[in-house]
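**Q** quick check, what structure comes out for this input:
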Amino acid sequence: MSKHTPRGLPALSALEALSVHLEAVREGERKLIAMEMHDELGQLLTALRTEVLLLRQELLPDSIAAQKADEMKKLLDTIMGVVRSVVNQVRPAALDLGIVPALEWLADDFSRRTEISCRLSAVGPEPRLSEMRTAGIFRIVQESLTNVLRHASASHVEIRLTKSGSKIELVVRDNGKGFDMPVRRLGSYGLLGMAERARMMHAHLKIESRPGNGSVVELLVHEDGHSADG
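**A** Just a heads-up that it's a prediction; the model follows:
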């Protein structure tokens with residue numbers, strides 16, 4: 001069995017093993033970049049903000065210099081907010097807590113940024129998943145929401161995660177305008193990327209949509225230690 005194959009899953013071909021390895025490397029790089037931005041850049045910005053506040057205390061309240069210091073503080077607050085947003089987009093810290101907290105963060109963040117209602121419902125206990133599978137499910141939902149924002153003109157998205165035994169079912173459903181599946185599949189790298197992630201997890205992915213009827217993304221995956229057929 002390939003060293004890249006999770007326990008309980010069929011052996012991977014050399015090409016499949018390479019794909020899994022490269023995706024693991026990419027996720028590791030995302031995690032490292034997010035940590036560096038949060039720790040290094042975040043600390044520097046916090047220190048600079050503290051210095052501006054100390055400087056502000058030494059200035060006359062109504063002076064031009066004091067006004068400039070206030071403007072610098074507001075600018076720094078904006079930059080710090082942008083950095084937090086970028087860090088979370090690269091790799092949210094909630095991923096380290098499990099798939100349910102990660103999807104809760106994703107749904108809340110999507111609703112806040114887009115003003116499209118996005119609700120998560122989780123049924124059953126927290127699934128036991130490897131870091132690779134947790135990231136894979138998260139990225140599939142993330143790409144689904146990106147497609148909703150870009151193409152669907154939807155007002156509501158529902159994410160449902162159900163764990164029953166070793167089976168984990170994910171459904172992402174929107175009330176948008178839908179699309180013609182054969183046409184979209186031909187030119188959509190997003191859909192191809194979702195299919196590739198599912199394949200690497202030995203998961204079953206199904207995407208259904210018709211013009212005027214919204215879209216549904218369904219993913220069926222098994223907990224680590226269980227094959228896709230058992």
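
**Q** switch to C-alpha atoms for all contacts and neighbour counts from now on
**A** Fine.

**Q** tell me the secondary structure for residue 219?
**A** strand (DSSP: H, G, I helix; E, B strand; the rest coil).

**Q** what's the closest non-adjacent residue to it?
**A** residue 205 (4.6 Å; CA to CA, 6 or more residues apart in numbering).

**Q** adjacent strands (with direction) for whichever strand or helix holds that neighbour?
**A** Taking DSSP states H and E as the criterion, residue 205 maps to strand 204-209. Here strand 204-209 has these sheet partners by DSSP bridges: strand 215-222 (antiparallel).

**Q** quick check: the residue nearest to residue 219 touching residue 196?
**A** No: with contacts counted by CA atoms under 8 Å, residue 205 stays clear of residue 196, the gap being 9.6 Å.

**Q** hang on, the earlier thing: contacts for the strand holding residue 205?
**A** 178-181, 195, 198, 215-221 (CA atoms under 8 Å, 6 or more residues apart in numbering).

**Q** for residue 94, list the residues it contacts.
**A** Taking CA under 8 Å, 6+ apart, one finds 101, 102, 105 in contact with residue 94.

**Q** tell me how far the closest residue to the last one other than its chain neighbours lies from residue 87.
**A** Right, residue 105. Take residue 105 and drop its neighbours on the chain: the residue closest to it by CA to CA, 6+ apart is residue 94, 6.9 Å away. Per CA to CA, to the nearest Å, residue 94 is found 11 Å from residue 87.

**Q** and residue 57, by the same measure?
**A** 32 Å.

**Q** tell me which of the two has more neighbours.
**A** residue 87 (20 against 11; other CA atoms under 10 Å).

**Q** phi, psi of the more buried one?
**A** phi -60, psi -40 (degrees, to the nearest 10).

**Q** what pLDDT does it get?
**A** Per-residue confidence (pLDDT) for residue 87: 86.

**Q** quick one, what contacts it?
**A** If you count contacts by CA under 8 Å, 6+ apart, then residue 87 has 33, 34, 35, 37, 38 around it.

**Q** neighbour-wise, which one of the residues you listed leads?
**A** residue 34 (22 neighbours).

**Q** nearest residue to that residue other than its sequence neighbours?
**A** residue 87 (5.0 Å).

**Q** and residue 179, helix, strand or coil?
**A** Looking at residue 179 with three-state DSSP, the answer is coil.

**Q** related to what we said a few turns ago, which of the contacts of residue 87 fall in helices?
**A** 33, 34, 35 (DSSP state H).

**Q** could you check how far residue 206 is from residue 192?
**A** Counting by CA to CA - residue 206 and residue 192 are separated by 12 Å.

**Q** distance of the nearest residue to residue 143 once chain neighbours are set aside from residue 88?
**A** Spatial nearest neighbour of residue 143, excluding adjacent residues (CA to CA, 6+ apart): residue 190 at 6.6 Å. Distance, residue 190 to residue 88, using CA to CA: 20 Å.

**Q** where does the protein dip in pLDDT?
**A** 1-12, 16-17, 19-21, 181-188, 224-230 (pLDDT under 70).

**Q** let me see the domain layout of it.
**A** If you go by automatic domain parsing, the domain ranges for the chain are 14-90, 98-222.

**Q** end to end, how far does the first one reach?
**A** For domain 14-90, the first-to-last residue distance is 28 Å (CA to CA).

**Q** packing partners for the helix or strand where the residue nearest to residue 143 lies?
**A** Here residue 190 is covered by helix 189-200, with elements defined by DSSP H and E. Helices and strands touching helix 189-200, as assessed by 3 or more CA pairs under 8 Å, 6 or more residues apart in numbering; DSSP states H and E, comprise helix 14-36, helix 131-147, strand 204-209.
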